[in-house]
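Trainee: Give me the fold of what follows.
(one chain, ligands or ions: 1)
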Amino acid sequence: PNPDADLLLGPQRVLLVEDALINQTLVTILLTRMGYDISIANNGVEAVEAFSNGVFDLILMDIQMPVMSGVEATEVIRSLEQTGGKPRTPIIAVTANALKGDRERYMACGMDGYVSKPIAVESLRAEIKRVRRAIAAVKPPKNGARRRNSFCSAGASRPRSGCCQRISASAPITVPLSRSTCG
Ligand code: MN
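Mentor: As a prediction, this is how the structure comes out:
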């Protein structure tokens with residue numbers, strides 16, 4: 001049996017946002033082996049364009065990029081989702097800045113998960129699963145009613161703590177972070 005079979009029930013179209021060619025190549029290999037279709041954006045601006053023109057089940061977002069950073073691109077994407085009434089696309093941050101508190105910081109900035117570079121296949125697989133389950137747990141009712149606290153967008157005026165706490169239910173985060181922690 002395919003060990004990734006359960007992953008394929010979840011996201012299949014992945015937008016890989018990454019400015020470094022070597023990382024694009026490596027992560028594309030990992031994700032292709034897991035059975036995903038990959039689209040690549042080279043920076044935050046390309047990520048926003050791709051998001052606007054396509055449908056993705058998952059976004060892997062590098063943080064440090066030229067033109068527009070991963071945090072900025074995530075803020076724009078969350079804002080577009082909100083204004084467009086679109087469902088939340090899971091975004092997993094990818095960064096070499098493996099500092100204490102990074103996960104919490106990125107979650108507060110509208111991301112749903114976090115993996116550090118260099119990406120280990122097992123941690124990527126585990127994080128995709130965790131994020132997919134967390135997103136599924138807050139799916140809106142089928143009747144189309146707009147749910148509250150759907151977005152953790154850093155630009156949103158509504159409080160982010162409720163949404164972010166629910167998203168992170170499997171890895172409790174107790175620190176409510178302020179806007180100033182983004183960026
Ligand atoms: Mn980068």
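
Trainee: for the protein, what spans make up the strands?
Mentor: 13-17, 37-41, 58-62, 91-95, 113-116 (DSSP state E).

Trainee: Nearest to the ion, out of the ones you listed?
Mentor: strand 58-62 (4.4 Å; C-beta to the ion). Heads up, the C-betas are built off the backbone N, CA and C, glycines and all.

Trainee: what angle do that closest one and strand 91-95 make?
Mentor: 20 degrees (axes from the mean of the first three to the mean of the last three C-alpha atoms, to 10 degrees).

Trainee: Neighbouring strands of strand 58-62 in the sheet, and parallel or not?
Mentor: strand 13-17 (parallel), strand 91-95 (parallel) (DSSP bridges).

Trainee: Need those strands in a markdown table (columns: distance to the ion).
Mentor: Formatted as a markdown table, the strands paired with strand 58-62 follow (distance: least, C-beta to the ion, whole Å):
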| stretch | distance to the ion |
| --- | --- |
| strand 13-17 | 9 |
| strand 91-95 | 8 |
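
Trainee: will you turn these into a markdown table that also has mean pLDDT and mean neighbour count?
Mentor: Converted to a markdown table, those look like this (pLDDT from 0 to 100; neighbours: other C-beta atoms under 10 Å):
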| stretch | mean pLDDT | mean neighbour count |
| --- | --- | --- |
| strand 13-17 | 97 | 23 |
| strand 91-95 | 93 | 24 |
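
Trainee: among these, which is nearest Arg103?
Mentor: Between Arg103 and the strands paired with strand 58-62, the tightest spacing by C-beta to C-beta is seen for strand 91-95, at 8.2 Å.

Trainee: For Glu81, find the nearest of the strands paired with strand 58-62.
Mentor: That would be strand 91-95 among those, by C-beta to C-beta, at 10.3 Å.

Trainee: out of everything not next to it in sequence, what's closest to Phe51?
Mentor: Ile77 (5.2 Å; C-beta to C-beta, 6 or more residues apart in numbering).

Trainee: quick one: the one you found from Pro66, how far?
Mentor: Applying C-beta to C-beta, to the nearest Å, the value for Ile77 to Pro66 is 18 Å.
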